[in-house]
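Novice: sequence first, predicted model second:
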Amino acid sequence: MPAFQARVLLVEDEPAQREVLAYNLEAEGFLVEKAETGDEALLLVQENEPDIILLDWMLPGVSGIEICRQLKSGVKTRDVPIIMLSARSEELDRIRGLETGADDYVVKPYSIGELLARVRTQLRRTRSSIAGQSLSYEDIVLDPESYKVYRDKCQVKLGPIEFRLLSTFMERPSRVWSREQLLDRVWGRDTYIDTRTVDVHVGRLRKALCQFGGSDPLRTVRGAGYALG
């Protein structure tokens, strides 16, 4: 399993397009959540914030433009990249989509290969770990390319699960991750593991990070999950 599996929220009301695109995204190793309406998309974002959103403009009920506006005005969701998908090809439509907050605008019909490239571009821009750049938090440094972690310049030996856990925490410091979200991100959606396994590996990660002294950088949020800082 790769160290990182980006979560994509695909918001598309046309079943055939939704399934074809979801299939291709999953074939590339992405974790895909699917929504048919804007209201459903907002609920999914609230439950489990995605790494990137593919958002159709023309949706039943709340339009994609309005969904984009709401997400980009939210403190917790404004940094999530949004690629707008639309059959509207006029320059004014593109401008409207981008000015609403969309990070990219793709006109239908589109090439699957090009769309996947645009997804990777947005993820590289927003997730330094995918781009192979080091992550740092206080005195902790994680280098995804060399697969090494340092705390106060001392190398910390981590197993693959603990490394992926720490990577996830360091991508979004202060964000609270539920056990279910960590299972999805670190172990994979199709892996059936008891949520108590998360507690075991978080405990191992804590022990490894604190072996040279220093305070525990991980925070337990009762009834919610875990966070870094």
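Specialist: Received the coordinates, thanks.

Novice: wasn't Glu202 part of a strand?
Specialist: Just so we're on the same page, residue 202 is Val rather than Glu. No - counting by DSSP: H, G, I helix; E, B strand; the rest coil, Val202 is not part of a strand but helix.

Novice: neighbours around it, how many?
Specialist: Counted with other CB atoms under 10 Å, the neighbours of Val202 add up to 22. C-beta: built from backbone N, CA, C; applies to glycine.

Novice: so what's the spatially closest residue to it that is not a sequence neighbour scoring on pLDDT?
Specialist: In space, and not counting its chain neighbours, Val202 is closest to Tyr226: 5.7 Å by CB to CB, 6 or more residues apart in numbering. Note for Tyr226: predicted pLDDT of 94.

Novice: show the contacting residues for Glu26.
Specialist: Val32 (CB atoms under 8 Å, 6 or more residues apart in numbering).

Novice: what about it, which SS state?
Specialist: Going by three-state DSSP: Glu26 is helix.

Novice: if I look at it, how far off is Leu135?
Specialist: Distance from Glu26 to Leu135, counting by CB to CB, to the nearest Å: 26 Å.

Novice: rewinding a little: in a strand, the residue nearest to Val202, correct?
Specialist: Yes - residue state for Tyr226 (three-state DSSP) corresponds to a strand.

Novice: for the chain, which spans come out with low pLDDT?
Specialist: Under the criterion pLDDT under 70, the flagged ranges of the chain are 1-5, 125-133, 188-193.

Novice: could you list the domains of it?
Specialist: Residue ranges of the domains in the chain are recorded as 7-126, 135-228, according to automatic domain parsing.

Novice: ok now the shortest one, how far from the chain's centre?
Specialist: Going back to what we said before, that points to domain 135-228. 16 Å (CA atoms, centre = their mean, to the nearest Å).

Novice: start the count at 298, not 1, going forward
Specialist: Okay, using 298 as the starting number, the last item reads as domain 432-525.

Novice: for it, measure first residue to last.
Specialist: With CA to CA, to the nearest Å as the measure, domain 432-525 spans 13 Å from end to end.

Novice: likewise for stretch 472-481?
Specialist: Terminal-residue distance, stretch 472-481 (CA to CA): 16 Å.

Novice: where does Tyr447 sit: helix, strand or coil?
Specialist: strand.

Novice: which residues does it form beta bridges with?
Specialist: According to DSSP bridges, the partner residues bridging Tyr447 are Val438, Gln452.

Novice: that one touches Val453, doesn't it?
Specialist: Yes - with contact defined as CB atoms under 8 Å, Tyr447 reaches Val453; the gap is 6.5 Å.

Novice: so what's the residue count around the residue nearest to Val499?
Specialist: Neighbour number of Tyr523 under other CB under 10 Å is 23.

Novice: which ones are touching it?
Specialist: Tyr523 neighbours (CB under 8 Å, 6+ apart): Phe466, Val473, Trp474, Arg476, Leu479, Val495, Val499, Leu515, Arg516, Thr517.

Novice: higher neighbour count, Tyr447 and Val453?
Specialist: Applying other CB under 10 Å to Tyr447 and Val453 shows that Val453 carries more neighbours, namely 21 against 15.

Novice: shouldn't that one be in contact with Asp440?
Specialist: No - at 11.5 Å, Val453 does not count as touching Asp440 under the criterion of CB under 8 Å.

Novice: which residues do these two both contact?
Specialist: Common neighbours of Val453 and Asp440 (CB under 8 Å, 6+ apart) are Val446.

Novice: who's the closest spatial neighbour of Glu459, skipping the chain neighbours?
Specialist: Using CB to CB, 6+ apart, the closest residue to Glu459 is Leu502 (4.5 Å).
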